[in-house]
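[1] how would this look folded up:
(chains A and B)
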Amino acid sequence: MFRNPLMLIALSLTGLVAIWGIIDTAGLTQFSSSITGRVFTSRGWFVMLSASLLLIVCIGLAISRYGNVRLGKDDDKPEFSTVSWLTMLFAAGMGVGLLFWGTAEPLSHFNVIRGYVDTNFEAAGDSLFITIFHWGLHAWAIYAVAGLVIAYFCFRKGYPSLVSSPLKAVFGNQTLVRGVGWLSDLLAIYAIAIGVGGSIAMGVFQVQSGVESLFGLHNSGLSLALVIFAVLFVSYLLPLTVDLSKGMALLSNIAMLIAGGLMIFVLLTGPTHYLMSGITGAIGTYFAKVIPQGFQTYTFFDETAHKWFESWTLTFMVWWFAWAPFVGVFIARISRGRTIREFLLGVILVPTFFSIFWFGVFGSIGFYGVLELNLEILEVVKTSVNDTTFFVLRHLPLPVVTILATVLAAFLFVVTSVVSASFVLSMFSKGGDLNPDAKTKLIWGVILGALGLVMILSNSIDAVKSIIALAALPFIYIVLLMVVCFLKALKTEVI
Amino acid sequence: MFPDSLIDTLLNILAFAFIGILIWLYFKKEPEGSQTESQDGNENN
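    Here you go, the predicted model:
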């Protein structure tokens, strides 16, 4: 391990961030917020343009003759049936973020947007649209591009599943290319580690609110969060010592089933016609506005709108970039033998429709509470955003069961994410080794835990968002570079 | 105001330069044989 400089530097870099955050949480948060604020102001246009261009590249490839190119040898057949493959894509798309933000995000936007439009009804529709925009085609285009490039160079060209492989494959193995490739792998590791650390914190906040809700606790503070973190830490370290890949897939599927079941439960026990109408309206609004919204930077709006845009849209977009190498490797691994067209349509459209349904249900029920029942959910979103989902569930039948299910799903999502991330980080830091040793995975597990702890100590979801954004920003450049390599390599394909 | 504006300009110039490099890389002719052909797993560890 100590003869591998990439591994050593990656561990040191992420370890230093963790130590800094534990010693001086406020300092790290302040630093991240000021840098991301500066970069977002200056380069917001670049982030939006990049995300939109990636979506356009995906659409262009899917409808072009290159869509017939297979991610593998020409006679390779898909490893998984289409139904299993789509189910696994659902699993990749489902995460603790959806559970956390389902109702909270549309209502957070509503709090701001209603200051800019004439009626609350209009604000509700716009808020739902913006939320789905954040979790829809653009997010999945970023993931799809990362996955597509990794799958193409791995399965069709025989290179390791590394971010640097496209560079070496297209530009050769000169010193400069090797240097940029090495830096790309390092930045990918860094972005994944910080991104997953944020996911751990979000999962802990979510579980904490659920436990408080179940036992009637109020403001349990950091102590309960630390207990939950300790349980989580042990729960994901144990599977890292043995090969439990099948077990992890099972846990991930269970978490997904619980989340899907929860969505159907809310749809059926809530105001079904209202939620279905919300979903139908969201589909229309989304597909009518999605492309122009991808280029929207709110240039001529006031400071409040700028801050809102930076802390939501830009943050989410760079967040997807942070997760791109991780999710990309996962979707690449299950997509061998698919054509580029099948891959893109499956990866981009299916999870987007799922997001529309998810936020259509959880967002609309939030608006039902605000607009029809005059419940105080907006106050909950402002004062205790982690509790929003549970506030909704408390107003539906069988709250104990649904809250328990949400806590369990959040816990399982985080455990499976951290176990998978430890594997991918070990693979990346050991030159693409598909069977990294348990010791390396454990070290990454500990580092991820430390990063998660830092973000828990910050005790603020906004701090978590800015720390992730800071780590992810450089990775935007790497993804764009990967796309250029891929498009150049495609030109050599004989169709 | 002045340092802010300078930093803003520099950050944007870097973004322009990066876009320029991407366009140049896309159209740059690679020497014969440097473009990838199937490696048949020879780089897989």
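[2] since we're on A:Ile132, how many residues are nearby?
    Neighbourhood size, A:Ile132 [other Cβ atoms under 10 Å in any protein chain shown]: 26. From N, CA and C alone the C-beta is placed, and that goes for glycine too.
[3] same question for A:Thr280.
    A:Thr280, neighbours per other Cβ under 10 Å, totals 12.
[4] so where does it fall, helix or strand?
    Applying DSSP states H and E as the criterion places A:Thr280 in helix A:272-293.
[5] mean confidence for that helix?
    For helix A:272-293, mean pLDDT is 95.
[6] what does stretch A:459-472 give?
    77.
[7] now do stretch A:151-164
    In this model, stretch A:151-164 carries a mean pLDDT of 90.
[8] distance between the ends of that stretch?
    This stretch, stretch A:151-164, spans 13 Å end to end (Cα to Cα, to the nearest Å).
[9] picking that back up, same for the helix holding A:Thr280, what does it pack against?
    With contacts defined as 3 or more Cβ pairs under 8 Å, 6 or more residues apart in numbering or on different chains; DSSP states H and E, the packing partners of helix A:272-293 are helix A:120-135, helix A:245-269, helix A:350-367.
[10] let's go with 6 Å and repeat that
    Applying 3 or more Cβ pairs under 6 Å, 6 or more residues apart in numbering or on different chains; DSSP states H and E, we find helix A:272-293 packed against helix A:120-135, helix A:350-367.
[11] quick one: the first one to helix A:350-367, angle?
    Our comparison of helix A:120-135 with helix A:350-367, counting by axes from the mean of the first three to the mean of the last three Cα atoms, to 10 degrees, yields an angle of 150 degrees.
[12] could you list the residues in contact with the following helix or strand past helix A:120-135?
    Following helix A:120-135 in sequence order, the next helix or strand is helix A:137-151 (DSSP H and E). Identification of contacts with helix A:137-151 by Cβ atoms under 6 Å, 6 or more residues apart in numbering or on different chains yields A:51, A:54-55, A:58, A:71, A:161, A:166, A:290, A:294, A:320-321, A:324-325, A:327-329, A:331-332, A:335, A:343-344, A:347-348, A:351-352, A:482-483, A:486.
[13] list the buried residues in helix A:137-151.
    A:137-151 (16 or more other Cβ atoms under 10 Å in any protein chain shown).
[14] what helices or strands is the next helix or strand after it leaning on?
    Going down the chain from helix A:137-151, the next helix or strand is helix A:165-171, by DSSP H and E. Using 3+ Cβ pairs under 6 Å, 6+ apart, the elements in contact with helix A:165-171 are helix A:175-215, helix A:461-491.
[15] Serialize those to TSV and add fields for mean neighbour count.
    Output for these, formatted as TSV (neighbours: other Cβ atoms under 10 Å in any protein chain shown):
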stretch	mean neighbour count
helix A:175-215	23
helix A:461-491	22
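[16] I'd like the distance between A:Phe300 and A:Ala62.
    Distance of A:Phe300 to A:Ala62, computed by Cβ to Cβ, to the nearest Å: 34 Å.
[17] tell me the secondary structure of the closest residue to chain B within the stretch 251-400 of chain A, please.
    Relative to chain B, the nearest point of the stretch 251-400 of chain A is A:Arg336 (12.8 Å; Cβ to the nearest Cβ). Three-state call for A:Arg336 (DSSP: H, G, I helix; E, B strand; the rest coil): coil.
[18] correct me, but it touches A:Phe80?
    No. The pair A:Arg336 and A:Phe80 fails to qualify as a contact (Cβ atoms under 6 Å) at a distance of 8.9 Å.
[19] okay, the two: which has more neighbours?
    Neighbours per residue (other Cβ under 10 Å) separate A:Arg336 from A:Phe80, with A:Arg336 holding more: 19 against 15.
[20] ok, the more buried one - contacts?
    By Cβ under 6 Å, 6+ apart, A:Arg336 lies in contact with A:Gly72, A:Glu79, A:Phe155.
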